[in-house]
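> here you go, sequence then predicted model.
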Amino acid sequence: MTTTIFKKIIDGEIPCHRIYEDGQVLAFLDINPLSPGHTLVIPKEPAVTLDALSEESGAAIGRVLPKIAAAVLKATGAKDFNVLQNNGAAAHQEVLHVHFHIIPKLESGDGLSVGWRPGKLTGGEELARKIAEQLEPA
Ligand code: AMP
C-alpha cells in the first residue's frame, strides 16, 4: 500500500485539527467540509477499504463513532447528520485509507446531498443465502 495523506497525518508529518485519538483511532476535521463540524474518523491501521480492515480496528472505530458523533452534534448545534464511508473509486473514495465521514446536516441545507435511486428487491432469498455463505468459516 502506498503512503496516503492520512498515514502522514497519523505519523504527525502533516498537521490536522485533531478531535480524538487513542491507540487505534484518530478523528480530525475534514479540510474541505460539507458543513461545519464535518469530521473524519480513521483507523491507524493502513487498510484501503473497509472490507480489508481487521476486526480489532473495526471494533475500535465502532466503539468511538457514537461518542464522536454526539460531540460533533453538541458542538455544532446540529440535530441531524450523515455517516458516509466510501470504498473504491466508483464509490467516490479519494483517499486510499479507510475513513468514516461524520457530516452534520444543517437547517440551511449544508451537508451531504444523496442521490438515491432505489430498485425493487428480487431473488432476495438466494442472494441473502449467498452472502451469508461467505460469512461462514472456510
Ligand atoms: P473520500 O472521497 O471519502 O475519500 O474523502 C476524502 C476526504 O478527505 C475529503 O472529504 C477531503 O476533504 C479529506 N481530506 C483530504 N486531505 C485532507 C487533510 N489533509 N486533512 C483533512 N481532510 C482531508
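Yep, it's here. Numbers count the residues shown, from 1 in each chain.

> please identify the buried residues of the longest helix along the chain?
Across the chain, the longest stretch assigned as helix under DSSP state H is helix 55-76. The neighbour-count check on helix 55-76 (16 or more other C-beta atoms under 10 Å) flags 57-58, 60-61, 64-65, 68-69, 71-73, 76 as buried. Any C-beta I mention is one placed from the backbone N, CA and C, and that applies to glycine too.

> which outside residues touch whichever helix or strand comes after it?
The helix or strand immediately downstream of helix 55-76 is strand 80-84, counting by DSSP states H and E. Strand 80-84 is contacted by residues 65, 69, 72-73, 100-105, 111-112, 114 when judged by C-beta atoms under 8 Å, 6 or more residues apart in numbering.

> please repeat the previous calculation with a cut-off of 7 Å.
69, 72-73, 100-105, 111-112 (C-beta atoms under 7 Å, 6 or more residues apart in numbering).

> sort out which one of these lies nearest the ligand for me.
His101 (6.3 Å; C-beta to the nearest ligand atom).

> burial count for that closest one?
Using other C-beta atoms under 10 Å, His101 has 18 neighbouring residues.

> so it sits against Leu40, correct?
Yes: taking contacts as C-beta atoms under 7 Å, His101 lies within contact range of Leu40: 6.1 Å.
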